[in-house]
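A.B. asks: One predicted model, sequence on top.
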Amino acid sequence: MANYNMNRVASNNAQVCKDGACIENLDISSYDTTVRAFHWNGTSGVTELCDGINYNANTGEGTITAESEIQICIDAWQTAYDEIQAQLQSEIPSEEV
């Protein structure tokens, strides 16, 4: 199971990490705006909450009981990762592939 972390900068902007590989500036605008950060260890997780406006102020904590609760962030990370990999592959001369 993968470990995921998310740190939100704004309602639509966050850094999401999978097993330590972090990608910044991900659009997670459809994810719950009262979650400013989370850590998922592959089987359970914790969240840091906010008021949905000030992402620097922790207003409490919550729990994550299923990976599906963070799927929006997982999908954002995977989409960005796939785009990065495709870009890198396109930059390799064909005789090296």
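C.D. replies: Here it is on my side, so go on.
A.B. asks: host element of the residue nearest in space to the middle of the chain?
C.D. replies: Geometric centre of the chain, nearest residue: V16, 2.7 Å, by Cα atoms, centre = their mean. Assigned by DSSP states H and E, V16 falls within strand 13-18.
A.B. asks: Going by contacts, tell me the helices and strands next to that strand.
C.D. replies: Where contact means 3 or more Cβ pairs under 8 Å, 6 or more residues apart in numbering; DSSP states H and E, strand 13-18 is packed against strand 4-10, strand 21-26, helix 71-90. From N, CA and C alone the C-beta is placed, and that goes for glycine too.
A.B. asks: Any stretches of this protein with poor pLDDT?
C.D. replies: 95-97 (pLDDT under 70).
A.B. asks: which parts of stretch 64-84 are buried?
C.D. replies: By neighbour count with 16 or more other Cβ atoms under 10 Å, stretch 64-84 contains the buried residues 64, 67, 69-70, 72-74, 76-77, 80.
A.B. asks: Which helix or which strand is home to A37?
C.D. replies: Judged by DSSP H and E, A37 forms part of strand 35-40.
A.B. asks: coming back round to it: in CSV: the helices and strands packed on strand 13-18, plus distance to L49.
C.D. replies: Formatted as CSV, these follow (distance: least, Cβ to Cβ, whole Å):
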stretch, distance to L49
strand 4-10, 11
strand 21-26, 19
helix 71-90, 15
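A.B. asks: Tell me what angle the strand holding V16 forms with strand 35-40.
C.D. replies: If you take axes from the mean of the first three to the mean of the last three Cα atoms, to 10 degrees, strand 13-18 sits at 0 degrees to strand 35-40.
A.B. asks: Quickly run through the sheet partners of strand 13-18, with directions.
C.D. replies: Paired with strand 13-18 in the same sheet, following DSSP bridges, are strand 4-10 (antiparallel), strand 21-26 (antiparallel).
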